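Student: need coordinates for the below:
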Amino acid sequence: MQPLTSEWTLKAEGDLATARRELRARSAPNYDAACFHAQQCAEKYLKALLQEAEIPFGKTHNLTLLLDLLKDQHPTLELIRPTLAMLSAYAVEYRYSGESADKDVARQAVKMTEEVKQLVVGFL
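Tutor: Okay, the predicted model is just below:
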């Protein structure tokens, strides 16, 4: 694994740890943050895979766009397209006023991210 790929995965794991911590918090849990960090984890794992394959990806939070860059090399990832589409919304949906996540939404976001991680790690 390339050093920069490893850095991406470490950052992804940090985001997953933060999402899980907010989901478990007994006092003042921030479910919006759990959703955001779940999305960030998935994003960084996809970017790690792109980095490892030396595929340029630019700056985007759109997970399906990242998937489009990977689909020729890893067609199996197409299985998680619906999951990635849902997670992409969490990059902005709950970060601003007007919408808030609840525990069930945050739990689902973390679960989806764990599924993305499991599939992507198999390619790294």
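Student: all contacts plus neighbour counts: C-alpha atoms, from now on.
Tutor: Will do.
Student: what sits up against stretch 22-33?
Tutor: For stretch 22-33, the external contacting residues (CA atoms under 8 Å, 6 or more residues apart in numbering) are 19, 34, 94, 95, 100, 101, 102, 103, 105, 106, 107.
Student: for the residues you listed, pick the one with the most neighbours.
Tutor: residue 34 (31 neighbours; other CA atoms under 10 Å).
Student: quickly find the element holding the closest residue in space to that residue that isn't next to it in sequence.
Tutor: Spatial nearest neighbour of residue 34, excluding adjacent residues (CA to CA, 6 or more residues apart in numbering): residue 19 at 3.9 Å. Using DSSP states H and E, residue 19 sits in helix 3-24.
Student: please save the CA atoms from that helix in PDB.
Tutor: The C-alpha coordinates for helix 3-24 follow below in PDB (Å, rounded to 0.1, in the frame of the first residue of the first chain):
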ATOM      1  CA  PRO A   3       2.000   5.800   2.000                       C
ATOM      2  CA  LEU A   4      -0.600   8.300   0.800                       C
ATOM      3  CA  THR A   5      -3.200   5.500   0.500                       C
ATOM      4  CA  SER A   6      -2.400   4.600   4.100                       C
ATOM      5  CA  GLU A   7      -3.000   8.200   5.200                       C
ATOM      6  CA  TRP A   8      -6.400   8.200   3.500                       C
ATOM      7  CA  THR A   9      -7.400   5.000   5.300                       C
ATOM      8  CA  LEU A  10      -6.200   6.400   8.700                       C
ATOM      9  CA  LYS A  11      -8.300   9.600   8.100                       C
ATOM     10  CA  ALA A  12     -11.200   7.400   7.100                       C
ATOM     11  CA  GLU A  13     -10.900   5.400  10.300                       C
ATOM     12  CA  GLY A  14     -10.800   8.600  12.400                       C
ATOM     13  CA  ASP A  15     -14.100   9.700  10.800                       C
ATOM     14  CA  LEU A  16     -15.600   6.300  11.500                       C
ATOM     15  CA  ALA A  17     -14.500   6.400  15.100                       C
ATOM     16  CA  THR A  18     -16.000   9.900  15.500                       C
ATOM     17  CA  ALA A  19     -19.300   8.800  13.900                       C
ATOM     18  CA  ARG A  20     -19.500   5.800  16.200                       C
ATOM     19  CA  ARG A  21     -18.600   7.900  19.300                       C
ATOM     20  CA  GLU A  22     -21.400  10.400  18.500                       C
ATOM     21  CA  LEU A  23     -23.900   7.500  17.900                       C
ATOM     22  CA  ARG A  24     -23.000   6.000  21.400                       C
END
